[in-house]
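Enquirer: Structure for the following, please:
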Amino acid sequence: MGATLDDLLHALTRAVNTLADTDIRFAVAGGCAVYARGGPVSDHDVDLFIKPEDIGRARTALVRGGLRLSEPPEDWLTKAYAGETLVDLIFRPNYREVTDELLDRAEIMRIGPTIAPVISGADLMIDKLLVLDAHRLDLGPLLRIARDLREQVDWPLVREQTDQSPYARACLGLLAELHVIEEPTR
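Expert: Presented below is the predicted three-dimensional model:
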């Protein structure tokens, strides 16, 4: 069973408030970003994008804020827990570094009881599409997210940034066929 919305919002608020007291730049990503932008509720975890050079300081700040760290086997994120709720600090989502440019595109938004920078609709969809591979092809949730957020997304940018993935191209083609997004101009 996943975390409840209240669990996620509590963990998000603790992490956001802790990081907001530092000069560490971050942005809410993943399911909480989808929720902030009006999409479906997540029940998985809290994802925060942070530049690679800030991960050490972010880990230290979160420990001072009462979160507990966990050492993951992955080399693109670090994990912390607020109670039993997982907070992922992601610095290389889908093998793409978090940069100042990505963080500059984030928008300050309300997410439940807190306010935080949330990655742009385009960056959110790029991240979601680049997760697709031969073992992760459940398009149902992604189609709903795309439909719910379609007006907030720079679809030409998404196409450009995901063009190397046949899975992303197929999903974007399906979205166009379903008239969720416009066909690309040639």
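
Enquirer: Isn't R144 up against P40?
Expert: Yes - the pair R144 and P40 qualifies as a contact (Cβ atoms under 8 Å) at a distance of 5.9 Å. Heads up, the C-betas are built off the backbone N, CA and C, glycines and all.

Enquirer: what are the ranges of the helices in this structure?
Expert: 5-20, 30-36, 55-64, 100-104, 121-131, 139-149, 155-162, 166-177 (DSSP state H).

Enquirer: who wins for proximity to A80 among those helices?
Expert: Taking Cβ to Cβ as the criterion, A80 comes closest to helix 55-64 out of the helices of the chain, the separation being 4.8 Å.

Enquirer: Which residues does the closest one contact?
Expert: Counting by Cβ atoms under 8 Å, 6 or more residues apart in numbering, helix 55-64 makes contact with 15, 18-19, 21-22, 24, 26, 50, 69, 78, 80, 87, 89, 91, all of which sit outside it.

Enquirer: Can you add mean neighbour count and give the helices of the chain back as TSV?
Expert: Supplementary listing: the helices of the chain in TSV, determined by neighbours: other Cβ atoms under 10 Å:
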stretch	mean neighbour count
helix 5-20	20
helix 30-36	24
helix 55-64	16
helix 100-104	13
helix 121-131	23
helix 139-149	16
helix 155-162	18
helix 166-177	17
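
Enquirer: Output the ones you listed as CSV; include the columns distance to T114 and mean pLDDT.
Expert: Output for the helices of the chain, formatted as CSV (distance: least, Cβ to Cβ, whole Å; pLDDT from 0 to 100):
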stretch, distance to T114, mean pLDDT
helix 5-20, 4, 95
helix 30-36, 10, 96
helix 55-64, 15, 97
helix 100-104, 17, 98
helix 121-131, 18, 97
helix 139-149, 20, 95
helix 155-162, 27, 96
helix 166-177, 31, 96
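
Enquirer: With respect to I115, which of those lies nearest?
Expert: I115 lies closest to helix 5-20 among the helices of the chain, at 8.0 Å (Cβ to Cβ).

Enquirer: and that closest one with helix 55-64, angle?
Expert: For helix 5-20 and helix 55-64, the angle between their directions (axes from the mean of the first three to the mean of the last three Cα atoms, to 10 degrees) works out to 120 degrees.

Enquirer: ok, and the closest non-adjacent residue to A122?
Expert: D154 (4.2 Å; Cβ to Cβ, 6 or more residues apart in numbering).

Enquirer: and what of A15?
Expert: Per Cβ to Cβ, 6+ apart, closest to A15 is V87, 4.9 Å.

Enquirer: swap in V34?
Expert: Leaving aside its sequence neighbours, V34 sits nearest to I145 (Cβ to Cβ, 6+ apart; 5.4 Å).
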